[in-house]
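[1] Please find the sequence and the predicted model below.
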Amino acid sequence: MLKIIYALLSLPPLCALLALSGRFTNTSLHWLHRLTATGVGVLVCLLLAGFNPARPFNSEYFYLDALNCWVLIIITTLYMAATWTARSYLVREEKSGVLKNEQLQTGRYFALMQMFVWTMFIVLLVKNLGLMWVAIEATTLISALLISFKFTRSALEATWKYIMVCTVGICLALLGTLILYYAQIDALGNDKPLSWLYLYEHAAVLDPSLTKMALLFILIGYGTKVGMAPMHTWLPDAYAEAPSLTSGMLSGALCSCALYVLLRNLVILLPTAGVEMMSGMLLFFAVLTVAVAVPFVVVQRDVKRILAYSSMENIGIMVAGVGVFTAFSLKAVMLHMYSHALIKFVLFYIAGTIIQEYQTRNLMRIHGMIKEVSHTATLWLISMLGILGLPPMGLFFSKFYILTALFKEEHWLAGSLLIILLAGVLIGILYHGMRMLCDQPRRPSLGDLLDRLDTPVLAILLLLTCFVGAGFENIPWINNLLNHAVLIIGR
Amino acid sequence: MEFLVVTLMFIVFLQTRIMDLKRGIFCLSIQSALIAAACLAVGMSHGGGIHAFLPGMLTIAVKVIFIPYAILKVVRQLSDEKEIASDINVNYSTAAAACFLALSYVVLDSLLPGVQGRDIVASSIFMIMTGLTLIVMRSRAIMQMIGLITMENGIYLLGLIMTEGLPLIIELGIFLDVLIAVVILVILTSRLRLSFKTTDTNVLRKLKG
């Protein structure tokens, strides 16, 4: 098992080095990129095949249990999708004149993307909370270079905001981690510093006043990285200005990763800080996040920013689900994480394609897509309905479960506020999306914007959310994994 | 140790008054040197070994020498920069720093009464908060970077005193992160200069809503 993990962690940096070496032609670079991702996918499958959720894998530095297994599946799926669609995206990017000196830039892009995914794998696999912090900060830094990839003025602005806000937030998380370490030394002595498993087994003996202080800093710190409301200012800029493949990875993979680290920390703090305090804070931030996103969705003019704010809405729902802290709601959060990541990647990819074709990001200037580019428009419509949480897409079920859990546990205020706000998001996105699709077309039909390979990849992602979201209870392996993941958080 | 703390507080306080970029970087370097001295002193008092000296040596190599050098290299290119606005918030940030100094003692005495190394813990809280105000109130990109590193130094000092240093591998990771962060910020700053002809972040206001 350890060998597979080492192989998994050595492939992406190797590919990054080769891509930077500049000895490859464009085509071979693309194949290198794809094959590395496929190789990693195979290794993850091997890892999962030898993995038993009831008996977590444990070594000196690495740890694998049901929780990080689930996030690992999400990230690997997106990684494969992003690499297999990269070629057609970059070719179109070159055609629209954004990429210059293509070969050099493609190499740099691939190297950064591989390193970005690599840092996320490290976040997931390490056992130590301190190393988790180091890796999360590394994801911020690598993704900053991906966001500013084109070095245009607005990309620079977005990156500067992203790096400043996120680094300050993450520094506060370090402060929280230090306080947790102090609590550990105080209660347990100098043994196994910040090891997650050790802390998990002895979480009940930590000093409550210290863990409450740590909770405050950790929630604010990692909350910044997740994109919770008062600290969200970087999120719409970064998602909107990054190249679309990167936006998809940021919204789907990085957000899940940050939420995973937050969950790992919360589990340690839960027994001593108390469920009431934690769930109160989480529900407050959750409702605030959705409430901040709604007005911006309704008045939005930028096609990628509207998706970014919809990401915030989904983050809010996930945090609310965590805040309820029942087995039912946590399972729904896991499902929501999965469906949101996949659908959001599809949406960002199609949005990027639309921007390349129409040469504008303004929603008001895109009309009649259903007649001009009927094929792309169909996928756009399906994924848009998916993100709004309409059946049969996976998000419907997870949203429904989370709201049910809120009312079941008698969080009446948070539940009803969320329902009202979600109606606002639905109206906003549906209005803008339908305008894009349905108005009078201004130009002749273009056929299909998406490349031959894109459609199957995107369709597979959408189908996966349907299957997993609706039928997770009938797939024993997934159900078993999710049940164990929930047991870890909910004890 | 007392002497060190007073000097450190004075340097951080001075940092809020400085408008000239080169002097600010020099100040940052001295501040990091003081942190390194504290680090070595704590390492010595806990006996020798590699863990006692490596963090201090790394602090000197990374924060005292490399980071100021890298920022200074960007500043040298900025001579042709067009000045948009001077930092009018200097007085506010000094006043805020003074408040924070008092506040950090009050907070510390109410939260952890009678903690050992009270002055050092208070000064590290002071550094964290002052770093934050520098980031929020100053608009020059370089000044914001200095604020970020001041804040990081404060957290590092707090960790050093309260927990006698993190495990070595985590500390190495943190150093690596700080190093990469500064390199990326330096790249971005020089890109800002190329695109906007200035490194004043007040020009970054296109993205809204």
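    Sure, I can see it. Residues are numbered from 1 along each chain as shown, chains lettered A, B, ... in the order given.
[2] Tell me which residue is most central in the chain.
    Since you didn't name a chain, this refers to chain A. Taking CA atoms, centre = their mean, the centroid of chain A lies closest to A:G252, which sits 2.8 Å from it.
[3] my bad, the chain I had in mind was chain B
    Nearest to chain B centroid, counting by CA atoms, centre = their mean: B:T150, 1.3 Å.
[4] Name the nearest residue to that one, ignoring sequence neighbours.
    With sequence-adjacent residues excluded and distances taken as CB to CB, 6 or more residues apart in numbering or on different chains, B:T150 is closest to B:G131, at 3.7 Å. C-beta: built from backbone N, CA, C; applies to glycine.
[5] Could you pull up the residues touching that neighbour?
    B:147-154 (CB atoms under 8 Å, 6 or more residues apart in numbering or on different chains).
[6] Export these to CSV and append columns for distance to A:I420 and secondary structure.
    Below are the contacts of B:G131 laid out as CSV (distance: CB to CB, whole Å; DSSP: H, G, I helix; E, B strand; the rest coil):
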residue, distance to A:I420, secondary structure
B:G147, 40, helix
B:L148, 39, helix
B:I149, 44, helix
B:T150, 44, helix
B:M151, 39, helix
B:E152, 42, helix
B:N153, 46, helix
B:G154, 42, helix
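[7] Out of these, flag the one nearest to A:L174.
    B:E152 (8.3 Å; CB to CB).
[8] Okay, helices next: where are they in the stretch 1-150 of chain A?
    Using DSSP state H, counting those that start in this stretch, the helices assigned to the stretch 1-150 of chain A run over residues A:2-21, A:26-49, A:66-95, A:102-125, A:129-147.
[9] deepest of those, which one?
    helix A:129-147 (a mean of 24; mean count of other CB atoms under 10 Å in any protein chain shown).
[10] picking that back up, so the residue nearest to the centre of chain B is in contact with B:L14, correct?
    No. B:T150 is not in contact with B:L14 according to CB atoms under 8 Å; the separation is 11.6 Å.
[11] Could I get the buried residue list for stretch A:201-210?
    A:202-203, A:206, A:210 (16 or more other CB atoms under 10 Å in any protein chain shown).
[12] Kindly check the end-to-end length of it for me.
    Using CA to CA, to the nearest Å, the end-to-end distance of stretch A:201-210 comes to 18 Å.
[13] any idea of the mean pLDDT for that stretch?
    Here stretch A:201-210 scores 89 as its mean pLDDT.
[14] Identify all contacting residues around that stretch.
    Taking CB under 8 Å, 6+ apart as the rule, stretch A:201-210 contacts A:179-180, A:182-184, A:186-188, A:199, A:267-274, B:111.
[15] sorry, back to before: the residue nearest to the centre of chain B and chain A, how far apart?
    B:T150 is 11 Å from chain A, where distance means CB to the nearest CB, to the nearest Å.
[16] Give me the local confidence score for A:R361.
    pLDDT, A:R361: 86.
[17] Please report the distance of it from A:M436.
    Separation of A:R361 from A:M436 (CB to CB, to the nearest Å) stands at 12 Å.
[18] Look at the two and report which has more neighbours.
    A:M436 (22 against 17; other CB atoms under 10 Å in any protein chain shown).
[19] Looks to me like that one is in a helix.
    Yes. Under DSSP: H, G, I helix; E, B strand; the rest coil, A:M436 falls within a helix.
[20] which residue packs closest to it, ignoring adjacent ones?
    A:I366 (4.7 Å).
[21] what do you get for A:A173?
    Sequence neighbours aside, A:G221 is the residue nearest to A:A173 in space, at 2.5 Å (criterion: CB to CB, 6+ apart).
[22] Who are the contact partners of the one you found?
    Neighbour list for A:G221: A:169-176 [criterion: CB under 8 Å, 6+ apart].
[23] go again using 10 Å as the cut-off
    Applying CB atoms under 10 Å, 6 or more residues apart in numbering or on different chains, we find A:G221 in contact with A:133, A:136, A:166, A:168-177, A:231, A:261-262, A:265.
[24] do the same with B:R76
    Neighbouring residues of B:R76 by CB under 10 Å, 6+ apart: B:21-22.
[25] And B:L108, by the same measure?
    By CB under 10 Å, 6+ apart, B:L108 lies in contact with B:115, B:118-119, B:121-122, B:124-126.
[26] got a pLDDT number for it?
    pLDDT, B:L108: 85.
[27] A:I147 versus that one, what's the distance?
    Taking CB to CB, one finds B:L108 at 38 Å from A:I147.
[28] just checking, A:F348 touches A:G248?
    Yes. Counting by CB atoms under 10 Å, A:F348 does reach A:G248; the two are 4.0 Å apart.
[29] shared neighbours of the two, anything?
    The contact sets of A:F348 and A:G248 overlap at A:239, A:242, A:307 (CB under 10 Å, 6+ apart).
[30] my guess is the first one contacts A:I315, does it?
    No. If you go by CB under 10 Å, A:Y239 and A:I315 don't touch, sitting 11.6 Å apart.
[31] What count of nearby residues applies to A:G22?
    11.
[32] And A:A291, how far from A:S143?
    27 Å.
[33] just A:W196 next, same as before
    24 Å.
[34] cool, and A:E410?
    As judged by CB to CB, A:E410 and A:S143 stand 39 Å apart.
[35] ok, now B:V136?
    Distance, B:V136 to A:S143, by CB to CB: 23 Å.
[36] quick one: the closest residue in space to A:V117 that isn't next to it in sequence from A:V40, how far?
    In space, and not counting its chain neighbours, A:V117 is closest to A:Y79: 5.0 Å by CB to CB, 6+ apart. To A:V40, A:Y79 is 7 Å away according to CB to CB.
[37] Same check on A:S383?
    Taking CB to CB, one finds A:S383 at 25 Å from A:V40.
[38] which neighbours do A:Y239 and A:I315 share?
    Counting by CB under 10 Å, 6+ apart, the shared contacts of A:Y239 and A:I315 are A:227, A:251, A:255.
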